[in-house]
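**Student:** quick one, fold the following:
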Amino acid sequence: MVPSKVLAPFLITLAAQSSSAATIRRDDGSGIQWGPCKLDTTLPVQCAKLPVPLDYTDKSGNQTLNLDVIKYPAQKQPKRGSIILNFGGPGQDGLNSMLAYADLMGPTTGGYHDLVSWDPRGTGNTLRFSCWPNDTTGYFSALGNTLAGAADTAQGKLWAEGTIIADQCYNQLKGTGDKVGMAFAARDMMSIVDALGEDGKLRYWGISGGTAMGATVAAMFPDRVERIVLDGVMNSHQYYNSFGEPEMVASADGVWEEFMRGCIAKPANCALGRNKTFEALEVEMARLFDSFRNSPPVYNETYIIDYTTFVGHVYNTLYRPNSYASLADAIAAVLQGDLDPLVQRLLDGGLPSQDQAILGIRCGDKKLRSDKLADLEPDFEKYRRSSSWFWDWAWGYYVMPCAQWKFEAKERYEGDFRVNTSYPVLFVGNTYDPVTPLVSARNMSSGFEGSVVLTHNGHGHLSLTQPSNCTNGFIRDYFLEGTLPKPGTVCQPNLPLFSTAA
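**Tutor:** Below you'll find the model as predicted:
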């Protein structure tokens, strides 16, 4: 759910239902032929290619698509099968993400499972969704990046940019752009499960946008669920059925307030909060946000650090509690007229961008379309009511292009996410998550019979970002023994915010 996009000159990391649905069933005994990966890593990963149908709705067709699949072998014996991982977006790849997450997620599962992932459609080399592959000037990649609160005219401009984005993507990808949705990806995932040649059951851990993927595959194949952990939960009802997804920012203000309170509570590690009350710091931050909007500073006599750049960076840093102290130091420096620490942070990158995969998947999956900006106003008002600090997050990139999208996913999940899976799902939600709030975990869990929400009383995006031995223990026990936490269970993180200095 968190793509990396360039806002020149600075880098900002923004971030048919049926159990009888067909996949490639490999009754002939063929499976995945693992071999070395062509990746720059010392991890003991193995890679393979797996053919799947290009178009699952074309029953008479024989065109196939090769999925790039990766495995991080179990580190303990005896092996307990495989866990499929999806790293979110939707639109984050599997191969590079496995390299980033394997050492963390492997031990959390107990270490007895192979971890398996793949490059979903739209990412990597799998029908890569690249709308402007020859954009050498960066013009197209800059479209839709401005925050709607940056200027009184920004909303209308973003709508026009959304028109360009939708047109460009359609013109570039009209042959394949309708084949990258989550329903097809769910079938691809079950083809991987079949090809693994194990017990035919799905064991899955999806994070962030991977929770919508997990909810979708569980709803399409409920009888094949062995274990599913959904961590950092998206509201999949809004993902499919709304212009925007305003519930995303339901906890954003709370996270920002926790950032300020945590800073004040640890003055030795956070100069920004020294000798200040929360109320005074809140007023100071409101004035700073306004100053970036109305009188943005110039760096090195060349670059304007505008409202979109600053506020977008603050919001995206709220994903990562281990970066809170360095963000606070950079803000403190800005207040003293020193922009260098902020600029250095802006130039630090994240995971490789997957071009426009997040648009291709998300927009094609959405049901609503309109050629009138006014039709989106009810959703925009929900955003405003949900957050006063970050209400305009990603309108220009997630919301407005999707409303004008010219593709319809060849297949999309049309159900209501009221599902009785063959084994209960474990939902994990942070108390203070800026983009996948706890309320979304509860909303999704309410439709999955027997499921449980484990509350991780931490900050940032996903339980992994402010670790808890308690949370990790429940995830491990669920995968190994099928043990679910009691309803209402709350886990505390190992360390509080600002426990160390930057």
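**Student:** the strands in the stretch 151-300 of the chain, which residues?
**Tutor:** With strands called from DSSP state E, counting those that start in this stretch, the stretch 151-300 of the chain shows them at 202-207, 225-231, 298-299.
**Student:** low-confidence ranges, the protein, go.
**Tutor:** 1-30, 349-353 (pLDDT under 70).
**Student:** recalculate using a threshold of 50.
**Tutor:** 1-29 (pLDDT under 50).
**Student:** report all helices and strands that the helix ranked longest in it contacts.
**Tutor:** Ordering each helix of the chain by length in residues (DSSP state H) puts helix 154-173 first. If you count contacts as 3 or more CB pairs under 8 Å, 6 or more residues apart in numbering; DSSP states H and E, helix 154-173 packs onto helix 357-365, helix 400-403. Using the backbone N, CA and C atoms, a C-beta is placed for each residue, glycine as well.
**Student:** now do the last one: everything it contacts.
**Tutor:** To tie it back to what came earlier, the one meant is helix 400-403. Helix 400-403 is contacted from outside by 144, 158-159, 161-162, 165-166, 169, 243, 359, 362-363, 366, 368-370, 373, 375-376, using CB atoms under 8 Å, 6 or more residues apart in numbering.
**Student:** what's the answer for the first one, then?
**Tutor:** Contact partners of helix 357-365, identified using CB under 8 Å, 6+ apart, comprise 1, 3, 89-92, 120-123, 128-129, 131, 165-166, 169, 173, 177-178, 180-183, 185, 209, 239-240, 397-398, 401-402, 405, 407-409, 412.
**Student:** tell me which of the helices and strands packed on helix 154-173 is the most buried.
**Tutor:** helix 357-365 (a mean of 28; mean count of other CB atoms under 10 Å).
**Student:** what are the buried residues along the helix or strand following that helix?
**Tutor:** Moving toward the C-terminus from helix 357-365, the next helix or strand (DSSP states H and E) is helix 377-386. For helix 377-386, burial by neighbour count (16 or more other CB atoms under 10 Å) applies to 379, 380, 382, 383, 386.
**Student:** residues in contact with helix 377-386?
**Tutor:** 148, 242-244, 246-247, 249-250, 252, 391-393, 395, 399.
**Student:** would you list the residues you listed in a markdown table and tack on neighbour count and distance to residue 498?
**Tutor:** Converted to a markdown table, the contacts of helix 377-386 look like this (neighbours: other CB atoms under 10 Å; distance: CB to CB, whole Å):
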| residue | neighbour count | distance to residue 498 |
| --- | --- | --- |
| 148 | 24 | 31 |
| 242 | 20 | 36 |
| 243 | 24 | 38 |
| 244 | 24 | 33 |
| 246 | 23 | 30 |
| 247 | 22 | 28 |
| 249 | 27 | 23 |
| 250 | 22 | 24 |
| 252 | 24 | 19 |
| 391 | 21 | 26 |
| 392 | 26 | 28 |
| 393 | 30 | 24 |
| 395 | 26 | 31 |
| 399 | 28 | 34 |
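**Student:** taking these, tell me the two that lie furthest apart.
**Tutor:** Farthest-apart pair in these is 243 and 252; separation 18.8 Å (CB to CB).
**Student:** returning to what we had before: looking at the contacts of helix 377-386, which are in helices?
**Tutor:** Going by DSSP H, the helices hold residue 252 from these.
**Student:** nearest to residue 291 among the contacts of helix 377-386?
**Tutor:** Closest to residue 291, out of all of those and judged by CB to CB, is residue 392, at 17.4 Å.
**Student:** pretty sure the closest one sits against residue 146.
**Tutor:** No: using CB atoms under 8 Å, residue 392 is not in contact with residue 146, being 9.1 Å away.
**Student:** tell me how far residue 118 lies from residue 204.
**Tutor:** 12 Å (CB to CB, to the nearest Å).
**Student:** equivalent analysis for residue 35, please.
**Tutor:** 24 Å.
**Student:** what lies in contact with stretch 292-302?
**Tutor:** The contact list for stretch 292-302 (CB under 8 Å, 6+ apart) reads 149-151, 304-307, 309-311, 334, 339, 343.
**Student:** mind saving the C-alpha coords of it as CSV?
**Tutor:** Output in CSV follows, covering the C-alpha atoms of stretch 292-302 (Å, rounded to 0.1, in the frame of the first residue of the first chain):
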residue,chain,number,x,y,z
PHE,A,292,4.8,25.4,4.4
ARG,A,293,1.5,26.0,2.7
ASN,A,294,1.6,29.8,2.5
SER,A,295,5.3,30.6,2.7
PRO,A,296,7.4,27.5,1.8
PRO,A,297,11.1,27.7,2.4
VAL,A,298,13.7,27.6,-0.4
TYR,A,299,16.7,25.3,0.0
ASN,A,300,20.1,26.1,-1.5
GLU,A,301,18.7,28.9,-3.5
THR,A,302,17.2,26.3,-5.8
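**Student:** report the buried residues of it.
**Tutor:** Those would be 292, 293, 296, 299, for stretch 292-302 by 16+ other CB under 10 Å.
**Student:** got JSON lines for those, with distance to residue 82 too?
**Tutor:** Shown next, in JSON lines, are these (distance: CB to CB, whole Å):
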{"residue": "292", "distance to residue 82": "47"}
{"residue": "293", "distance to residue 82": "49"}
{"residue": "296", "distance to residue 82": "50"}
{"residue": "299", "distance to residue 82": "48"}
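**Student:** which of these lies closest to residue 194?
**Tutor:** For the buried residues of stretch 292-302, the nearest to residue 194 is residue 292 (52.1 Å; CB to CB).
**Student:** where's the closest one relative to residue 306, distance?
**Tutor:** 6 Å.
**Student:** what's the answer for residue 456, then?
**Tutor:** Computed as CB to CB, the residue 456 to residue 306 distance reads 34 Å.
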